[in-house]
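Visitor: Model the following, please.
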Amino acid sequence: MPICKVCGHVEKDWLADHLAEAHDMSVEAYLEAHPGAPTVSQRLLDRYEEERAKDKDQRPRRRLPPTPDELTVRLGSVEFPVNTDVPAEACLPLPDNYRLPRKKGLGKDIQHALVSLRRQRSVYIWGLPGSGKDALLSAWSAYTRTPASIYQVEPGVDIKSWFYSRSFDKDGTSYEEGELLRDLRDGYTTSDGRQVPKLIVLSDFDRADRAQVEHIRLAADSIMGRVKGPRGVTYPVLPGTIIAATANTPGGGDTRGRMTSANVIDASILDRFERTFHFRWMDWGDEGPIVRAKFPVLAEKCPDVFDTMKGITSVLRKAIAAEDLYAEFSHRALCTILGHAEDLIFCNGGNVSTHLLKKATRAWLDKLPDEDSRQTAINLMDPYIEGGAIEEGDTSHITTGDESLVNW
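Guide: Predicted coordinates:
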C-alpha cells in the first residue's frame, strides 16, 4: 500500500485523491518532491496488467496479406488459385454487371462446370441462347487471371489455318504456325518466363461441319492431348490446358428447328470431352438483380417494370419449353426489351411515358419469325402489360398535320 511521504498517511490503492484533498498537490508535483515514491498499490498494478493482457488477447490481430502464390478467389463453392503474374489483357474480359448465378437450375449447372474447371477438365457446355455459357468462361478467366483465347466456329471457316498455313514465295514453300497451335502447345509466357496453360474456348462448336470438327479430335484427346503442326509433326498439348466448347445443342443437331446451322457432331469426338453439362436459363432470383444493375434508369424511375418482366419472362419461357411458342426468350431478349425501355426514357427527356413496356416490347416482338408466333407471344404478355401488349396495325398514335406523333 502506498504511504504519503508528506504526512505518513497510508492509502489502500491510489494516493492521488489524498494528495489533492490533504495537500492540494498533484501526483506530478509529489513525485517531483519525492522521486520514486510509490503512488499506487502492487495489487492494483497486478490487476491492471491482467486486464491489459486480456484485452491484448481479444484485440483483432492484423493479418499479413497473402503472398502472390497464396492468392485465391472463391466462385460459388469452389476456390481457385489466381495467376497474379498474368495481366488482365491476356484473359477474357469480365462481362458487364456479371453475377454468378446461384439459384436452382443454372446455378447448379454452373457449379458442376466450375468443379471441372478447377480440375482442368475439357468440357462441352450446351444450352439455349442466352444461358450464360460463354459468359461463365469469360468471367472465370477474368477472376482467376487464366490466360485465354476464344475461337468462333462458323460454317466455312478454315479451322486448319488456326493450326498452320502454307504459303509460297520465290524461295519455295513455307509454313506459318497458327495461333491455336501456339496456344495449345506453348500456353502463355509471363514476363518472368513462367509458362501458364491457357483456356481455349471454341464458341458455337456445333456450327462446325465434319471436316472442321476433325481438327479438334487430337487436341481433345483425354489420354494425351496432341496438336498437329506443319509437315505432319505433332506436339503435346501443354499440361493444364483446358479446352471448353460451347454450343446450343448436345451435338445431335437441333430437333426444335430453331438453330438451323447446328450440325450433328461425331459421337467419338464428343466423347473426348471429359465433361458435358447442359446450361438452363437463369432463375429470376439471379436474373432480377442482374437486370436491375444493368438498367439503373429503370430501377430509379420505374422499378415496377422489373416485377412485370418477371411474370412475362416466366410465362414466355414456359410456353417455349412446352413448344407452344416458336421463339427464344433468353437473357439477351429480356435485355432487349429493358434496354429499349431505357432508350425511350432517354429520348423522352428523362421522362417515363405512358405504356412504356407496351412500346418497349416492339424491339423483341418484331424479331419473331411469323405472325402466328408474334400473336401467341402478344396473347401471353397481354395480362402483364398495362394497356395490353402492342397490337399489329395499331395506328392510334398516328395523326395528321404538323404533329405527326402524339404520345407515341
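
Visitor: Show the low-confidence segments of the stretch 151-300 of the chain, by residue range.
Guide: Low-confidence segments of the stretch 151-300 of the chain (pLDDT under 70): 169-172, 221-224, 253-261.

Visitor: would you list every one of the strands in it?
Guide: 164-169, 172-177, 188-189, 195-196, 199-203, 226-228, 234-236, 242-247, 275-279 (DSSP state E, counting those that start in this stretch).

Visitor: what's near enough to touch residue 179?
Guide: By CB atoms under 8 Å, 6 or more residues apart in numbering, the contact set of residue 179 is 149, 162. No exception for glycine: its C-beta is placed from N, CA and C like everyone else's.

Visitor: Likewise for residue 75?
Guide: Contacts of residue 75 (CB under 8 Å, 6+ apart): 100, 114, 140, 143.

Visitor: Quick one: closest of the strands of the stretch 151-300 of the chain to residue 262.
Guide: strand 242-247 (7.3 Å; CB to CB).

Visitor: picking up where we left off before, which of the contacts of residue 75 count as buried?
Guide: Applying 16 or more other CB atoms under 10 Å to the contacts of residue 75, the neighbour count classes 100, 114, 140, 143 as buried.

Visitor: what's the closest non-adjacent residue to the second one?
Guide: Think residue 114. residue 78 (4.5 Å; CB to CB, 6 or more residues apart in numbering).

Visitor: now do the last one
Guide: Ranked by CB to CB, 6+ apart and with sequence neighbours excluded, the top spatial neighbour of residue 143 is residue 73, at 5.2 Å.

Visitor: what pairs with the one you found across the strands?
Guide: residue 80 (DSSP bridges).

Visitor: Quick check: which ranges of the stretch 1-150 of the chain have low pLDDT?
Guide: Within the stretch 1-150 of the chain, the ranges that satisfy pLDDT under 70 run 55-66, 68.

Visitor: any idea where the helices of the stretch 251-400 of the chain begin and end?
Guide: 267-270, 284-294, 296-301, 304-321, 331-347, 356-360, 362-365, 371-381 (DSSP state H, counting those that start in this stretch).

Visitor: Nearest spatial neighbour of residue 372, chain-adjacent residues omitted?
Guide: Spatial nearest neighbour of residue 372, excluding adjacent residues (CB to CB, 6+ apart): residue 326 at 7.8 Å.

Visitor: Quick one: residues contacting that neighbour.
Guide: Neighbouring residues of residue 326 by CB under 8 Å, 6+ apart: 258, 368-370, 372-373, 376.

Visitor: How about the contacts made by the residue nearest to residue 114?
Guide: Per CB under 8 Å, 6+ apart, neighbours of residue 78: 111, 114-115, 117-118.

Visitor: quick one, what contacts the residue nearest to residue 194 when sequence neighbours are not counted?
Guide: Spatial nearest neighbour of residue 194, excluding adjacent residues (CB to CB, 6+ apart): residue 85 at 6.3 Å. Contact partners of residue 85, counting by CB under 8 Å, 6+ apart, are 68, 190-192, 194, 196.

Visitor: Lovely, talk soon.
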